[in-house]
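[1] Here is my input, please return the structure:
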Amino acid sequence: MSRWQQSHKHAQVLYAVGAYAALTGKLLGDHDYRVGLDDDELLAGEFRPVGGTDTAEAILPLDQLTLGGFSRLLFERETSVPGRR
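    Predicted coordinates for the structure are as follows:
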């Protein structure tokens, strides 16, 4: 598999994760969140779709992923408040 095909597959996986979150309602409700790659924090903050922050963005160049190896992309969400869990 060429490098372009690998990069394209990674992008498709990340898009699918976002689409899944939207379709299952995981984007609803107020919560704190953290997104990490391996041991590095990419994003962290509060998600407040009503009257607050409802988007966050980070740029992750694909060359930061281990070519031919494994990377752990972690999505954490605080769940002690009422709402979708």
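[2] For residue 43, which non-adjacent residue is spatially closest?
    Spatially, and ignoring its direct neighbours in sequence, residue 43 is nearest to residue 35 (4.2 Å; CB to CB, 6 or more residues apart in numbering). Any C-beta I mention is one placed from the backbone N, CA and C, and that applies to glycine too.
[3] In contact with the one you found, which residues are there?
    41-44, 58, 73-76 (CB atoms under 8 Å, 6 or more residues apart in numbering).
[4] how close does residue 11 sit to residue 65?
    11 Å (CB to CB, to the nearest Å).
[5] Ranking helices and strands of the protein by mean pLDDT, which lands last?
    When the helices and strands of the chain are scored by mean pLDDT, DSSP states H and E, helix 3-23 comes last with a mean of 79.
[6] what about it, distance to the chain center?
    11 Å (CA atoms, centre = their mean, to the nearest Å).
[7] Residue 10 touches residue 62, doesn't it?
    Yes - using CB atoms under 8 Å, residue 10 and residue 62 qualify as a contacting pair, with a distance of 5.8 Å.
[8] that older thread, in a strand, that's where the residue nearest to residue 43 is, yeah?
    Yes - checked against DSSP: H, G, I helix; E, B strand; the rest coil, residue 35 lies within a strand.
[9] pLDDT wise, what is it at?
    In this model, residue 35 is scored at 90, pLDDT.
[10] Bridged to it, which residues?
    For residue 35, the beta-bridge partners are residue 43, residue 75 (DSSP bridges).
[11] any idea how far it is from residue 9?
    Residue 35 sits 20 Å away from residue 9, going by CB to CB.
[12] Residue 21 now?
    For residue 21, the distance to residue 9 - CB to CB - is 19 Å.
[13] SS state for residue 41?
    Relying on three-state DSSP, one would call residue 41 strand.
[14] What's the local residue count around it?
    11 (other CB atoms under 10 Å).
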